[in-house]
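Peer 1: Next input, structure requested:
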Amino acid sequence: MIKNDNDKVMAAVTKMRTEWGANDAKRDAGLPTTYPEVERFDNLRYGENGDENLMDIYVPNQDKTVYPTVIDVHGGGFVYGDKELYQHYCLWWARQGFAVVSFNYRLAPKTVFPGALQDVSKAVEWVVAHATQYQLDLNNVFFTGDSAGATLAQQYLTAQVNGAYRDALGLSKAKLTIRAAALNCGVYFLDRPETLADDTLIVLAYFVPSVKERYEDELKTENYMSQKLPPLFIMTANNDFLHDEGVRMDQYLIDHQMPHAFHIYGDDEHPRGHVFHIDQRDKLGIECNLAEKAFFEQYLH
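Peer 2: Coordinates of the predicted model:
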């Protein structure tokens, strides 16, 4: 892109980060960041990319040797978000008896596809190498991801069961067992013209033209998915701007006989929007999280 285009993209990204950051700060104001029943390990370095490769781990204080482990991939349109914004969500999971891994990854436009996905892979490799130190049960791993994080989780899970896809994107096969995953308010069918339209921010910032050309096949993640994937909990909301993506994914999983659950939250009288479940003060959000917890517990070994 020429300089003027870069300036326009950065202006749009800066505006988005400012507005979303203000909304998230308002949502979480006053919430506790520690609980006596949870031990936090903050700012663990899993890669060489400075603050973009830092990780937090939350471990329940329940006198167990190991804990089933949730690996959370944050959202933010590939240009926004970090692990701190998800600390209250992660603390909720830890208070439910799960160890939780949350990490930063490189953001666009500084990094383009598949950079963030490669960071997910790198973070998981670090988790495998340090599982004993943090009481992480590698035989009972679960993924959560929302918005762009759901997309990254979908791609990562697919790469774990499809060697060709994994190799094409420069990812590694992790030595752990992923029992199930929750994909929340995600965007999944990247090959659809309206999803990666040339004037959308995610294209201008993350899925740039050279990426769309080089990874034309790999961006069609659904073509690499199979029944080898772990069971998926697909969630959206009635006012989620990505609502139809969830519906499409549900139908795709039905058509291909892949085990999953599909939930739409909110109605005309009680509407809910994009990633409402992150709000710890939202009773319906907690209901959603409890449903995902129950879904995960079906697959514990």
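
Peer 1: Measure how far the longest strand seen in the chain is from the centre of its chain, please.
Peer 2: Counting by DSSP state E, the longest strand found in the chain is strand 136-146. On the basis of C-alpha atoms, centre = their mean, to the nearest Å, strand 136-146 sits 12 Å off its chain's mean C-alpha point.

Peer 1: and what of stretch 37-53?
Peer 2: Centroid displacement of stretch 37-53 relative to its chain, using C-alpha atoms, centre = their mean, is 17 Å.

Peer 1: where does Met55 fall, helix, sheet strand or coil?
Peer 2: Classification of Met55 by DSSP: H, G, I helix; E, B strand; the rest coil places it in strand.

Peer 1: How about it: which residues does it bridge to?
Peer 2: Beta-bridge pairing for Met55 (DSSP bridges): Leu44, Phe103.

Peer 1: can you pull the contacts of it?
Peer 2: Asn43, Leu44, Arg45, Tyr46, Lys83, Val101, Ser102, Phe103, Asn104, Ala123, Trp126 (C-beta atoms under 8 Å, 6 or more residues apart in numbering). All C-beta spots, glycine's among them, are computed from the backbone N, C-alpha and C.

Peer 1: who touches Gly75 in this structure?
Peer 2: By C-beta under 8 Å, 6+ apart, the contact set of Gly75 is Gly81, Gly145, Asp146, Ser147, Ala148, Gly149, Ala150, Cys185, Val275.

Peer 1: quick one: which of the residues you listed is most hemmed in?
Peer 2: Across the contacts of Gly75, neighbour numbers were computed from other C-beta atoms under 10 Å; Ala150 holds the maximum, 31 neighbours.

Peer 1: just the angle between the one helix or strand it maps to and strand 136-146, please?
Peer 2: Assigned by DSSP states H and E, Ala150 belongs to helix 148-161. If you take axes from the mean of the first three to the mean of the last three C-alpha atoms, to 10 degrees, helix 148-161 sits at 130 degrees to strand 136-146.

Peer 1: Which secondary structure elements does helix 148-161 sit against?
Peer 2: strand 67-73, helix 115-129, strand 136-146, helix 163-168, strand 178-184 (3 or more C-beta pairs under 8 Å, 6 or more residues apart in numbering; DSSP states H and E).

Peer 1: hmm, try it at 10 Å
Peer 2: Applying 3 or more C-beta pairs under 10 Å, 6 or more residues apart in numbering; DSSP states H and E, we find helix 148-161 packed against strand 67-73, helix 115-129, strand 136-146, helix 163-168, strand 178-184, strand 232-237, helix 243-255.

Peer 1: quick revisit: pull out the buried residues from the longest strand of the chain.
Peer 2: Along strand 136-146, these residues count as buried under the neighbour rule (16 or more other C-beta atoms under 10 Å): Leu136, Asp137, Leu138, Asn140, Val141, Phe142, Phe143, Thr144, Gly145, Asp146.
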